[in-house]
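# Only the shape, not the letters, is given here:
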């Protein structure tokens, strides 16, 4: 049974939206439910009585993104299962997926205001569960998840389990994070792992393992040289995470993308090669930061490797926003994305001085250039190292037009593009804006 404060929160939410509300743990066990208010269906009634979700119902829910969602997801009705439409909100607390909150919608979908109430209350319930109810034992989580986010003892057990499943020991490896494609704001269907492998899927002889090169490519979403199976995988916070042994490759980061191997919109981050599984949490933080850079800056992707991260490795939390109260700076209790993903030497590097509130040097330019023409020109010019000819050719501009734009940029921003410090400030502001736009 859950604590009284969790039950009270469920009852209050059920009364506010006029629907039945329940909580399942990550393994499909019903751990709490409200008194019946409004909509319900035979599937939920049976699940409450048996304290578990029927396998076919769980499969339908996962097929619509419920298993990996980090935001609200609507699962459509299934008449064959006598199942009404429902809203699912993942219960996430400091990077851990504690379960799922369900609201039966039936033929009367929740209003935007009601959906917002559900999301807010789900966050409160997740915090209550995280503090006072484990929801799912650490040992029941996928071994890779335990290796990357668990404590020292948990990591040792997970490493032994992965070795028993065939993961080579004492060889260099990379951790990769595959971000789902960007979706429109609001309620959405979350994307599952790129290759269609559901969370926890395992090939025969492994626990969350893939044992062929083709399956590894499917899991990552494209073909990469420098990795080899067998590889471990898990879904953490809606992202596919892979730990794969290092293959022979003469590249600085050890791996490289095969031309045309990834579809548009792909965003994959990879760690540097590490030689000991004890360093897996650090490798995971590197891969998270690299994946965020790939999503923030399409010109850097589709795969970004930590050693080639460039300026993005110095970025920490989104500018102007501090850590949530009580959140450890080291990210020990979280998913491993330390304060937004910025890591250098294993320590968080906060960059908060370029926010609009603190005098963003680009703000005057954005106000005077609502179409973003000058901003795009500035970024292209700085990316080229100040090569006017290369910038003009890439932008299909006459050099006279380019010089006119650069003069306008200097006038509006008050910066001198011949001054190295001014150029660095503007270039950092451009890249930080991309970083902040990517959660």
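Okay, I see it. None of the values given here were measured: they were computed from a predicted structure. Residues are numbered from 1 along each chain as shown.
# mind checking pLDDT for residue 388?
In this model, residue 388 is scored at 90, pLDDT.
# for residue 11, same thing?
In this prediction residue 11 is given a pLDDT of 86.
# my guess is it contacts residue 22, does it?
No: Residue 11 lies out of contact with residue 22 (C-beta atoms under 8 Å); the separation is 11.8 Å. All C-beta spots, glycine's among them, are computed from the backbone N, C-alpha and C.
# Show me which of these two is the more surrounded one.
Comparing residue 11 with residue 22 by neighbour count (other C-beta atoms under 10 Å), the higher total belongs to residue 22, at 23 against 15.
# In three-state terms, label that one for me.
Using DSSP: H, G, I helix; E, B strand; the rest coil, the structure places residue 22 in strand.
# Bridged to it, which residues?
residue 33, residue 102 (DSSP bridges).
# Report how many residues lie close to residue 83.
Residues near residue 83, counting by other C-beta under 10 Å, number 21.
# what's the answer for residue 229, then?
Residue 229: 22 surrounding residues under other C-beta under 10 Å.
# Distance of it relative to residue 244?
To residue 244, residue 229 is 7 Å away according to C-beta to C-beta, to the nearest Å.
# what's the overlap in contacts for residue 11 and residue 22?
Among the neighbours of residue 11, those also in contact with residue 22 (C-beta atoms under 8 Å, 6 or more residues apart in numbering) are residue 34.
# how many other residues sit next to residue 378?
Neighbour number of residue 378 under other C-beta under 10 Å is 27.
# for residue 366, same thing?
Neighbours of residue 366 (other C-beta under 10 Å): 15.
# which residue sits closest to it, ignoring its sequence neighbours?
residue 375 (6.6 Å; C-beta to C-beta, 6 or more residues apart in numbering).
# which residues are in contact with both of residue 229 and residue 244?
residue 216.
# if we can go back for a sec, which parts of the strand or helix carrying the residue nearest to residue 366 are buried?
Using DSSP states H and E, residue 375 sits in helix 373-383. Applying a neighbour-count criterion of 16 or more other C-beta atoms under 10 Å, one finds 374-375, 377-383 buried in helix 373-383.
# same thing with stretch 113-125?
For stretch 113-125, a neighbour-count test (16+ other C-beta under 10 Å) marks 114-115, 117-118, 121-122, 125 as buried.
# any idea which helix is longest in the chain?
helix 112-132 (DSSP state H).
# How far off centre is it?
Computed by C-alpha atoms, centre = their mean, to the nearest Å, the chain-centroid distance of helix 112-132 equals 20 Å.
# Kindly provide the whole-number mean pLDDT of it.
Mean predicted lDDT for helix 112-132 stands at 82.
# Just list what the helix holding residue 375 packs against, helices and strands only.
Helices and strands touching helix 373-383, by 3 or more C-beta pairs under 8 Å, 6 or more residues apart in numbering; DSSP states H and E, are helix 363-368, helix 388-395, helix 399-413, helix 420-436.
# Could you tell me the least trusted of those helices?
Between the helices and strands packed on helix 373-383, the one with the least mean pLDDT is helix 420-436; it has a mean of 84.
# Low-confidence stretches in the stretch 151-300 of the chain?
Filtered on pLDDT under 70, the stretch 151-300 of the chain yields the residue ranges 181-207, 248-254, 259-261.
# all strands of it, in order?
Using DSSP state E, counting those that start in this stretch, the strands of the stretch 151-300 of the chain run over 173-178, 209-210, 224-225, 231-236, 239-245, 256-257, 268-270.
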